[in-house]
Structure formats: structure tokens, C-alpha cells
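Undergrad: I would like the atomic coordinates for the input below:
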Amino acid sequence: MAQTKRKRQTKHRGNAAGFVESRGRTGRKPTAEEKSGSPTGAPKPKSKDRRDLPPTWRGAFWRALFAAFMMVALLLLFKISKPGAAAALFPIVLLMYVPVSYYSDQWMWKRRQRKAKQGGGPKATAR
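TA: Sure, this is the predicted structure:
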């Protein structure tokens, strides 16, 4: 015998790509506390901009290490020097790049701090 009751349709149906799209919120309007996402209603602390932190020798070392590896890779890729000569240049370049990287970072950081004190802080970009 044929079924007399029609089966209940589900609220979530997949689209042609196979993804299930939800209908969204259908109940009451969320309160301001619920909208903020924090359970206590306290505002979220803004993360500090990395450019506002003073430079470190450790950061300069990692940046110089990356630059030295890239230089060796380019020398080997374009066959400018032999592998032994490129490997010999690596520590020399690393020792030169670390202080250059640190002091250029320090110069940029001091410049940014000076502008922030003068009130001409970073310009807001329109997005």
C-alpha cells in the first residue's frame, strides 16, 4: 500500500555544488552583548601593531639569514659562482646583513615613534 503521509522536508538543502547552506538566524534579535561575541561583554583588546614594537637582534638575525639563503640560492640558480664559493660567501653576507638589518629597523622604528608623538601617526587607508 502507498504511503499516505508526505515526508517532512529538511530545512537545510544542499546546492548544486554539494554545500549545505543554513538559513541563518530566525529567532529573536541578538542583544549587544551577544553581538560582541565576548561572554562578559568586555571589548576585545586590540592586537599591537608589530611596527610599534622596538626592533630586536633576534629578528634582524632571522631576516639576515633569509636574505643570505636567498643570495646563495640566486648565485647557484643563475650559475654566477661555484657552489663552494657561494657557500663561503654565506657567513660573510650573514655577518654583514645582521647589523644592517637591525639598524635600519631601528631607524624606521624611531621615525615611526617620532611621527606618532607629533600626532601625524600612521595614515588610515580606505578599504
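Undergrad: quick one: low-confidence ranges for this structure?
TA: Where the chain drops to pLDDT under 70, the residues are 1, 8-13, 21-23, 25, 38-45, 120-127.
Undergrad: now the helices: where do they sit in it?
TA: 32-36, 57-77, 83-118 (DSSP state H).
Undergrad: of the ones you listed, which is nearest Gln3?
TA: Closest to Gln3 of the helices of the chain is helix 32-36 (CB to CB; 42.6 Å). Any C-beta I mention is one placed from the backbone N, CA and C, and that applies to glycine too.
Undergrad: packing partners for the closest one?
TA: Using 3 or more CB pairs under 8 Å, 6 or more residues apart in numbering; DSSP states H and E, no helix or strand is in contact with helix 32-36.
Undergrad: chain center to it, what's the gap?
TA: From the chain centre to the centre of helix 32-36 is a distance of 26 Å (CA atoms, centre = their mean, to the nearest Å).
Undergrad: how about that helix: buried residues?
TA: Residues of helix 32-36 classed as buried: none (neighbour count, 16 or more other CB atoms under 10 Å).
Undergrad: likewise stretch 77-89?
TA: The neighbour-count check on stretch 77-89 (16+ other CB under 10 Å) flags Ala86 as buried.
Undergrad: any idea how far apart the tips of that stretch sit?
TA: 15 Å (CA to CA, to the nearest Å).
Undergrad: now stretch 77-87
TA: End to end - CA to CA - stretch 77-87 spans 13 Å.
Undergrad: most centrally placed residue in this protein?
TA: The residue lying closest to the centre of the chain (CA atoms, centre = their mean) is Arg50, at 10.5 Å.
Undergrad: distance of it from Asn15?
TA: According to CB to CB, to the nearest Å, Arg50 and Asn15 sit 40 Å apart.
Undergrad: now Leu76
TA: 50 Å.
Undergrad: of those two, who's got more company?
TA: Neighbours per residue, other CB atoms under 10 Å: of Leu76 and Asn15, the larger number sits with Leu76, 15 against 8.
Undergrad: no further questions, thank you.
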